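1. Provided below are the primary sequence and the corresponding predicted coordinates.
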Amino acid sequence: MRRAFLLPAVVILGLVAFGAAAEEAREIPPPRMEAPAQAASEIAVLAGGCFWGVQGVYQHVAGVSNAVSGYAGGTEASATYDAVSSGMTDHAEAVKVVFDPRVISYGRILQIFFSTIHDPTQLDRQGPDVGRQYRSAIFPASEAQAATAKAYIAQLDQVKAFPKRIVTKIESGAFYPAEAEHQDFMARYPRHPYIAYHDLPKLAALKRFFPDRYRAEPALVANN
């Protein structure tokens, strides 16, 4: 949400009400195809709307050692909050998830992404946030990840896991960390109206759908 943390609470509540039902979590099947583990640590870069909630959810996933909010898809020069929020760059708000594939697979990372993080049928928006910077996108770190992501999207569409077709794009591009004020936002401001209304329900869905993957203590950027 654009500079929402600078707005009066009454204004924020009015804005979040605009997209109240846009990101309802749902239980979906796991991927049939899995990317084989390449090392003890791998990276997944995912864009699914405002990065506060995406980061906050993955920080509570067992096997994730770090989750960093940032920008992906554009140039280094345009990787700033002000530039990206203008909607005039090629960036999407994204999160770099560092995980141990021996504990949680890339496929399970994607299952959480599609089921609890966002609505992958929303084109260039999530909830009250509108623009290409809020698009649903996956930035694979390897050909194996790209193949897994492509196959999983096709699988979910085939079984009609969602009422509409998935619009998530598989893209390429470097990842650039966001400014410090955006890191660990959910953990630092759990009572922020935007977080409470849009993102804490995602965390509750993670705990409900993936109890074996939920971790109470978040993996904070501040601790890495």
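-> Sure, I can see it.
2. And what about Leu46, helix, strand or coil?
-> strand (DSSP: H, G, I helix; E, B strand; the rest coil).
3. Go through the protein and flag its longest helix.
-> For the chain, the helix with the greatest residue count under DSSP state H is helix 143-158.
4. can you map out the strands along this structure?
-> Taking DSSP state E, the strands of the chain run over residues 42-48, 64-72, 92-99, 125-126, 129-130, 136-139, 169-170, 175-177.
5. Let's have those strands in TSV, adding mean neighbour count.
-> C-betas here are computed from N, CA, C, even on glycine. Shown next, in TSV, are the strands of the chain (neighbours: other C-beta atoms under 10 Å):
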stretch	mean neighbour count
strand 42-48	25
strand 64-72	23
strand 92-99	26
strand 125-126	23
strand 129-130	20
strand 136-139	24
strand 169-170	15
strand 175-177	18
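6. Output those in a markdown table, with distance to Leu203 appended to each entry.
-> As requested, the strands of the chain are arranged in a markdown table below (distance: least, C-beta to C-beta, whole Å):
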| stretch | distance to Leu203 |
| --- | --- |
| strand 42-48 | 14 |
| strand 64-72 | 13 |
| strand 92-99 | 14 |
| strand 125-126 | 16 |
| strand 129-130 | 18 |
| strand 136-139 | 19 |
| strand 169-170 | 26 |
| strand 175-177 | 22 |
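7. Output these in TSV, with mean pLDDT and distance to Arg108 appended to each entry.
-> Below are these laid out as TSV (pLDDT from 0 to 100; distance: least, C-beta to C-beta, whole Å):
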stretch	mean pLDDT	distance to Arg108
strand 42-48	98	10
strand 64-72	98	11
strand 92-99	98	9
strand 125-126	96	22
strand 129-130	97	26
strand 136-139	98	14
strand 169-170	98	18
strand 175-177	98	21
